[in-house]
Structures are given as C-alpha cells and as structure tokens.
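*Asks:* pasting the sequence and the predicted coordinates here, then a few questions.
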Amino acid sequence: MVRPETTRAWTALRGHFEAHGRGLDLREAFARDPGRFAAFSLQAPEVFADLSKNLIDVATRRFLLDLAAECGLEARRDAMFAGQPINTTEGRAVLHTALRAPRGQGPFSDDVHGVLDRMLALAERVRDTATSGITDVVNIGIGGSDLGPAMVVPALDAYAHRGLRLHFVSNVDGHDIVPVLRGLDPARTLFIVASKTFTTQETLANAQTARAWFLDAGPASGLGVADIARHFVAATTNVKAAADFGITETFGFWDWVGGRYSLWSAIGLPIAIAIGAEHFRALLAGAHAMDRHFATAPLTQNLPVQLGLLDVWYRNFHGFTSRSLAPYHQGLKRLPAYLQQLEMESNGKGVDLAGQPLAAGSSPVVWGEPGTNGQHAYFQMLHQGTDVIPVEFILVKMPAHDRADLPAAVRDSLTGQHAKLLANGLAQSQALMLGKTAADAARERPPTAAPGADPAMIARHRSFPGNRPSTTFVLDALTPPSLGALIAMFEHRVFTSAAVWGLNAFDQWGVELGKALAGELLPRLDSGDATGLDASTAGLLARVRA
C-alpha cells in the first residue's frame, strides 16, 4: 500500500492547487476554451456526464491520474474483480459485481444464478395476483437490506405491477411499522424479512411485531401459525433461525456481498416482485455494463475513476467537506439516502489498510433532495452561503408518462411539466457557475425590495459569487438498465477514492459500537441500574424512565 501523501503526484497536486487550482475561475476557463465542454464530458454505458463545470483543468486531470497510478488503483480494481480478499479486516472477497455478471461469466456463477432463478420464480408467482392472492408486499430490513430496494422500487415505478403495493419498514421505532400494518389484509399480504444473519436487532423486532399482527388478525381470515410459511419469506443465510420463526422459503447470499452492495442479491426480492423477472435482469445487465466500463476503459475515459479522483481533489485540496445531490426526477427521491450509506459507510474511515491514521480527510458528507423541491429549501445556501458545496444534478431526458394509462390532455400537460423540470436543472448549474455581480444586480428593480432601501445595499444582497462547481449526469430515460448503470457508477466511484486514500471501503466497524452499547443499556431501562455509566447517560436513563 502506498500512502497518497507520500507520492510525487500528491506533491505536484499541492503545488498545482496553490499556483492554479485555488484561483481557477470557471467563467474565465470557458471564455479561454470553447471546447471545454467536449474535453470534460464523458459517455459511459447509459450515463452521460458533464464535468466541465468543475474546478479542474487539463493539468489537474493529469496529476490526478498520476496519483491513481502511484496508489495502484488499477491493480486494486483488478484484485476486486478477481475475487481476492481485498476486505482485509474481515478476510473477505468483494464480489457484488459477480451478482450481475451473465451466467457463466463471473465467479460463483452457478450459485449466484441458482439463487437468482429461484428468487425470480417466486417473484413471478407473487405477481400472478389472481393465483397468489397477494396485493401487498412488506419488506422488513434495515441499512442495505432496506435502502437499496426502497430506492429502486419508486425509481422504476413505470415498470411496476399495478396490482401490487410495496411497503418498506426499517426503523425499530414502532411508528414505522404501525401505519404500514394499518389496513392490510393478512390473507393478501406477503412479508419479506431481510437479514443475512437473521439476528439484526431492528429487523427482528419488526418481524416479530409483524408475526404477532398476523397471528392476531389472521383468524378472521381463517389463518393461523401454519400459514406463516405462506405469508413470510426471508433473504437470509440463517435457515435454522428463519425456520424457528416459521419461515420455510429462504434465499441466501454470501459473505462477499456487503449490505450496501446487496440490492443485486436476494435482498432485491421486493424489486423483482415490483418490476418482474425480465426487468430485474435488465437492471443487472445495466450494472454489468458499467462494471465492464470500469474494468476496461482507459482511465482518461473511465467515468467512475474520473469521479472518484475529482472527489479526492475536492476533499483533500479544496477542503470541501460536503457534496449535494439533486436528482431532477421524483422517482430518484430516495437516491440521496441510498448514496449516504454507500459513500459514508464505505469511506467514513479514519485509518488506512494498515490501521494507521489517515493524513488527509476521507468521505465527504453526502446529502440532497429531488429538484425542484431542493430549490425551495437549501439552494439558497448553495448559491449565496459562505461554504462552497459541489452539486451533482441528474437529468432524465424522457419522462415515462407515456407508459401510463392517462388521457392525452394529461400527457400533454405532463410533457410541459417535464420541460420545466429540465429547464430548472440546467438553469441551476448555470447559475451556480455564472453568479451575478452587484453591478448587474443594481441595474435590476426587484419588486419585493423594501421601499426607500439603499439600492447599493439591496444589490449586494442580490449578488451571487458564482464559480461554484457542479456535475450534471444525463440519462436518456429512467429504465432498469440505466438505473443499474447509474448505481454501479456510484459504487465504483466510491471504490476509486477509497483506493487512493488507501482505506478499506468494505467494512463498517463504526456501526458496531452503538449497537453493542444499546444491547447493554436495554436491560437497564427495566432495572434503572446506572452503575458504571457516565453521568450524562445515567441522567438521561433516569429521565426517560421517569
């Protein structure tokens, strides 16, 4: 392992940043180079990316590629695809890419496709609602067992079965599951319990509540304990624990599948039920196409690599600690939450592969909301706040409304709305870059300005610094292949920055401490015993018990 700060490229990047990078002005860069858009745009499978509004130039890109070479990015990437145990702290391979490889073309192919075939067969049986009688599917999971399916199902709503309703329960707070259970018919409901070990505290608590509800509400429909096997299935490797619960149909996956990379596995069962076997396979195919791009494209044209290196440039040289995601498609409303786990759980680490403290920052904070909602919430800060926050826009050229059974007048109205959506997305990235000077603002007459206010003061309030970076991704349409490719692009981007930083992106020890302490505190809520607790926790324990 090579620590990035010890490389020649890192030193060159530091010098380049001080001499040119810190003061780069995008407006001047476009004025000097009419070909900048073409030079800093990339086409990958299903995804076009405009990187030209970022604070980079040709020299930045060259030094970042040198950094990737010195840090052994390509060798580490190839080791991942080869199934070497690159998750060194747990001694595991990292092979989520094998889950979307065509039959016979990836490691463990027989096992992977055996589970996939069984899972898709169940999905098709459930989708035959006339025979199955199922109208509602409740997925019970947390983390990767929830965030992936809960993001993909609404994103691909245009392809969803219209006779099925999908629900997602994750929080151990009963206020999550109770509204879902309200109004469900046990005879027409299928529960999916998603937990690799079948021991996840939050998931098992919700599953037990669902089981109690089923056994209480079931008798009115002639259902009892024996029917649990027909109305509960599990994505788990702990077949015995599932059987003790009453579940007989289980779908396993492997220790080389991390939770935040698991939607391609049996964890994707609710996705398969929603969109069907054909479209689920298309989702896998789109991800596989991006896998091949990441594995084979030259680094200069490799979209995940370029994005991951840009993240290093912004985090470690510009000092940007945050990145906002603005998908201009309502179907992608859960994508920011999904990417929070993908990036912050993967790269939110403070030590390198050897367990030594990192000398530079790692994961930024990832957050966002769909456009145009975000424009009326936090975009004020993006445009005029004191922090520079890179923004990533996702635009989808064609809406899916024509797939819906809607009157022509409604479809026409929706076409106009989509044009407004795209115009807003384009305008926001333009406004972030161009800004507005106080002199330009002074020439305007804002109707809401206070009467008699100093025009120069109002102009300063209405000026925008500009030169704020953004990336725009464009999909032709939001389809199973394009969504699969988009998600895989983000996965490999996170891998790239992790490889440069020299950290393990595939463990999550930071999740464990709080869970362990919660297990110790749980009996104290009954007993009130505060022995050995710090004063704050002891005081809070007493407060919540009072």
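*Replies:* Great, that's in hand.

*Asks:* check which helix or strand covers Ile394.
*Replies:* With secondary structure defined by DSSP states H and E, Ile394 is part of strand 391-398.

*Asks:* please tell me how far Ile140 sits from Val239.
*Replies:* Ile140 sits 18 Å away from Val239, taking C-beta to C-beta, to the nearest Å as the criterion. Using the backbone N, CA and C atoms, a C-beta is placed for each residue, glycine as well.

*Asks:* these two: which is more packed in?
*Replies:* Counting neighbours by other C-beta atoms under 10 Å for Ile140 and for Val239 shows that Ile140 has the greater number, 30 against 14.

*Asks:* and the helices in the stretch 401-546 of the chain?
*Replies:* Per DSSP state H, counting those that start in this stretch, the stretch 401-546 of the chain carries helices over the ranges 408-434, 438-442, 455-461, 480-501, 512-527, 535-545.

*Asks:* now do the stretch 101-250 of the chain
*Replies:* Using DSSP H, counting those that start in this stretch, the helices of the stretch 101-250 of the chain run over residues 109-127, 129-132, 144-155, 174-181, 201-217, 228-231, 239-245.

*Asks:* which one of those lies closest to Tyr261?
*Replies:* Counting by C-beta to C-beta, Tyr261 lies closest to helix 144-155 out of the helices of the stretch 101-250 of the chain; the figure is 7.1 Å.

*Asks:* show residues contacting the closest one.
*Replies:* Contact partners of helix 144-155, identified using C-beta atoms under 8 Å, 6 or more residues apart in numbering, comprise 139, 141, 160, 166, 168-170, 194-196, 200, 203, 235, 258-263, 267-271, 274-275, 283, 329, 331-335, 337-338, 341, 478, 483, 487.

*Asks:* which SSE is the closest residue to Pro102 other than its chain neighbours in?
*Replies:* Setting aside the residues directly before and after it, Pro102 is nearest to His288 in space (C-beta to C-beta, 6 or more residues apart in numbering), at 6.8 Å. Under the assignment given by DSSP H and E, the secondary-structure element containing His288 is helix 277-296.

*Asks:* which residues touch that helix?
*Replies:* By C-beta under 8 Å, 6+ apart, the residues outside helix 277-296 that reach it are 44-47, 77-78, 81, 97, 99-102, 120-121, 123-124, 152, 156, 159, 264, 268, 271-272, 275, 302-305, 479-489, 492.

*Asks:* next: stretch 392-402.
*Replies:* Here stretch 392-402 makes contact (C-beta under 8 Å, 6+ apart) with 157-158, 323-329, 332, 335, 368, 371, 411, 414-415, 418, 422, 425-426, 428-429, 470-478, 486.

*Asks:* now do 7 Å
*Replies:* 158, 323, 325-329, 332, 411, 414, 418, 422, 425, 428-429, 470-478 (C-beta atoms under 7 Å, 6 or more residues apart in numbering).

*Asks:* what mean pLDDT does it get?
*Replies:* Here stretch 392-402 scores 92 as its mean pLDDT.

*Asks:* restrict it to CA atoms and write it as CSV.
*Replies:* The C-alpha coordinates for stretch 392-402 follow below in CSV (Å, rounded to 0.1, in the frame of the first residue of the first chain):
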residue,chain,number,x,y,z
GLU,A,392,-24.5,16.9,-8.7
PHE,A,393,-27.5,17.2,-11.0
ILE,A,394,-29.2,14.1,-12.5
LEU,A,395,-31.4,14.9,-15.6
VAL,A,396,-33.6,12.4,-17.4
LYS,A,397,-34.4,13.4,-21.0
MET,A,398,-37.6,11.4,-21.5
PRO,A,399,-40.3,11.0,-18.9
ALA,A,400,-42.1,7.7,-18.5
HIS,A,401,-45.6,9.2,-18.5
ASP,A,402,-46.4,7.8,-21.9
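
*Asks:* now the helix holding His288 and helix 144-155, what's the angle there?
*Replies:* Counting by axes from the mean of the first three to the mean of the last three C-alpha atoms, to 10 degrees, helix 277-296 lies at 110 degrees to helix 144-155.

*Asks:* enumerate every residue touching Pro446.
*Replies:* With contact taken as C-beta under 7 Å, 6+ apart, Pro446 is in contact with Ile458, Arg462.

*Asks:* relative to Ala453, how far out is it?
*Replies:* As judged by C-beta to C-beta, Pro446 and Ala453 stand 10 Å apart.

*Asks:* try Asp311
*Replies:* Distance, Asp311 to Ala453, by C-beta to C-beta: 42 Å.

*Asks:* these two: who's more crowded?
*Replies:* When Asp311 and Ala453 are compared on other C-beta under 10 Å, the one with more neighbours turns out to be Asp311, at 25 against 11.

*Asks:* wait, doesn't that one sit right on Ser497?
*Replies:* Yes. With contacts defined as C-beta atoms under 7 Å, Asp311 counts as touching Ser497 at a distance of 4.6 Å.

*Asks:* the residue nearest to Pro102 and Trp264: what is the separation?
*Replies:* When distance is defined by C-beta to C-beta, His288 is 10 Å away from Trp264.

*Asks:* likewise for Gln330?
*Replies:* 24 Å.

*Asks:* of those two, who's got more company?
*Replies:* Between Gln330 and Trp264, Trp264 has the larger neighbour count (other C-beta under 10 Å), namely 27 against 14.

*Asks:* please parse this structure into its domains.
*Replies:* Following automatic domain parsing, the chain resolves into domains at 7-70+297-399+470-501, 96-281, 512-545.

*Asks:* follow-up on the earlier one: the strand holding Ile394 - which strands sit beside it in the sheet, and in what orientation?
*Replies:* Paired strands of strand 391-398, with direction, are strand 322-328 (parallel), strand 470-477 (parallel) (DSSP bridges).

*Asks:* ranking these by burial, who's on top?
*Replies:* Counting by mean count of other C-beta atoms under 10 Å, strand 322-328 has the highest mean neighbour count of the strands paired with strand 391-398, with a mean of 23.

*Asks:* continuing past that strand, what's the next helix or strand?
*Replies:* Counting by DSSP H and E, the element after strand 322-328 in chain order, helix or strand, is helix 335-339.

*Asks:* that next one - what's its average pLDDT?
*Replies:* On average, helix 335-339 scores 98.

*Asks:* what packs against it?
*Replies:* Using 3 or more C-beta pairs under 7 Å, 6 or more residues apart in numbering; DSSP states H and E as the contact criterion, the neighbours of helix 335-339 among helices and strands are helix 144-155, strand 322-328, strand 365-368.

*Asks:* centre of the chain to the edge, which residue is at the far end?
*Replies:* Of all residues in the chain, the one whose C-alpha sits farthest from the chain's mean C-alpha position, using C-alpha atoms, centre = their mean, is Gly452 at 48.9 Å.

*Asks:* average pLDDT for stretch 240-256, rounded please.
*Replies:* For stretch 240-256, mean pLDDT is 95.

*Asks:* got it, and stretch 451-460?
*Replies:* When pLDDT is averaged over stretch 451-460, the result is 94.

*Asks:* wouldn't Lys333 be in contact with Gly368 here?
*Replies:* No. Counting by C-beta under 7 Å, Lys333 stays clear of Gly368, with 9.9 Å between them.

*Asks:* who's more crowded, those two?
*Replies:* When Lys333 and Gly368 are compared for neighbours, Gly368 comes out ahead with 23 against 16, by other C-beta under 10 Å.

*Asks:* low-scoring stretches of the stretch 301-450 of the chain, by residue?
*Replies:* Counting by pLDDT under 70, the low-confidence segments of the stretch 301-450 of the chain come to 402-404.

*Asks:* thank you kindly, that will do.
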